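Trainee: Could you look at this predicted model? Sequence included:
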Amino acid sequence: SQVLSQTNFVNEDELMYPFQERGLQFGDGIYEVIRVYQGKYYLMNEHVDRLFRSAEAVKLTLPFTKEKLFQLLDNLLKVNQVKGDAKVYLQATRGSALRDHVFPDVEANFYAYVQELPRPIEKLTNGVAAITQPDVRWQNCYIKSLNLLPNVLAKQEAKERGAFEAILHRDETVTECSSSNVYIVKDGKIHTHPETNNILHGCVRSRVKVLARQLDISIIEKAFSIDDLQQADEVFLSSSTAEVMPIVEINGNKVHSGEPGPVTKKLQKAYEEDAG
Ligand code: PDD
């Protein structure tokens, strides 16, 4: 398939990266994952805005304007004749230079590719299991940075314990998951961590807020505890790849009845209509 390298399209096996590269040396870069449904981007503006916010936060100059990036991403789907469900991964690093912590005086590296990705229907229907893990990440989790080692380790721990996701907590406070945002439902109201520096400001999360309001379901952006998590009527997560996904088991214990709950199901339906 054709991938974007800087602002040009090349065949994927022609894209070579130098071994002296900031992304490899330091994880010195940022990324996005954008969902594509039936050949069309979903929440594209939100992802592009967040990429530029991440870039600004780490003082990285992207090699294009927002307008140019929209055009390039549209062409990425066109040249690959994408008609179905997919995801686009894009990353920008601070460039190629001999290893030195100080910023080099070179242009940022950028690539983007598209990969087919069917909707996770079975998991959306039946729900998934999660574990809890301490959130050992840094204080700037709102930046979508390539430094994902704590996230990778938490997700691997989940996998090894037969779970789909790791729900992270700083002391008693639940923040988010290793690669998604997390919510509980108590007495018909949704609770989720506020948009502080301690979580990624998920694009699906902002959409969930709008959808909940349209459905007349209150959504309270206030931190909740591990205890609240364990007492919840429903728990769900959200991300561009996982959509609105019910969590039906935590650390081997059923969430409520162990079935996806009514509020989660309503949101799933609204999401499907919105994305469809
Ligand atoms: N992850 N929190 C974290 C830590 C994430 O990595 C992600 C996304 C989210 C959800 O964000 P959004 O709704 O914008 O997808 C929350 C992507 C999918 C990934 O790393 O693969």
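Mentor: On my side now, so go ahead. Note that the structure is predicted; figures quoted are calculated from it, not measured.
Trainee: Every contact and neighbour count from this point should use C-alpha atoms.
Mentor: Fine.
Trainee: What's opposite Trp249 in the beta bridge?
Mentor: Wrong residue type there; residue 249 is Glu, not Trp. Ala129, Lys254 (DSSP bridges).
Trainee: I figured it was touching Val128, is that so?
Mentor: Yes. The criterion here is C-alpha atoms under 8 Å, and Glu249 meets it with Val128 at 6.8 Å.
Trainee: Centroid-wise, who is the farthest residue in the chain?
Mentor: Leu98 (30.8 Å; C-alpha atoms, centre = their mean).
Trainee: so how far is the ligand from that residue?
Mentor: Distance of Leu98 to the ligand, given as C-alpha to the nearest ligand atom, to the nearest Å: 28 Å.
Trainee: from what I can see that residue touches Gln20, true?
Mentor: Yes. Counting by C-alpha under 8 Å, Gln20 is a contact partner of Leu98 at 5.6 Å.
Trainee: before we move on, the earlier item: please give me every residue in contact with the residue farthest from the centre of the chain.
Mentor: Contact analysis of Leu98 by C-alpha atoms under 8 Å, 6 or more residues apart in numbering lists Gln20, Glu21.
Trainee: just checking, it is part of a helix?
Mentor: No. With DSSP: H, G, I helix; E, B strand; the rest coil as the criterion, Leu98 is coil rather than part of a helix.
Trainee: Quick check: pLDDT value at it.
Mentor: Leu98 carries a pLDDT value of 98.
Trainee: just Gly276 next, same as before
Mentor: 85.
Trainee: start at 40 instead
Mentor: From this message on, residue numbering opens at 40, which makes the last subject Gly315.
Trainee: What's opposite the closest residue to it other than its chain neighbours in the beta bridge?
Mentor: Excluding the flanking residues, the one nearest Gly315 by C-alpha to C-alpha, 6 or more residues apart in numbering is Tyr76, at 7.1 Å. Here Tyr76 sits in beta bridges with Lys79, going by DSSP bridges.
Trainee: doesn't Ala314 make contact with Tyr76?
Mentor: Yes. Using C-alpha under 8 Å, Tyr76 is in contact with Ala314, at 7.1 Å.
Trainee: Check the offset of stretch 139-147 from the chain's centre.
Mentor: A distance of 27 Å separates the centroid of the chain from that of stretch 139-147, by C-alpha atoms, centre = their mean, to the nearest Å.
Trainee: try stretch 54-70
Mentor: That offset, for stretch 54-70, works out to 20 Å (C-alpha atoms, centre = their mean).
Trainee: so does it get close to the ligand?
Mentor: No. Judged by C-alpha under 6 Å from any ligand atom, stretch 54-70 stays clear of the ligand, getting no closer than 8.2 Å.
Trainee: pLDDT (mean, whole number) over that stretch?
Mentor: pLDDT averaged over stretch 54-70 gives 96.
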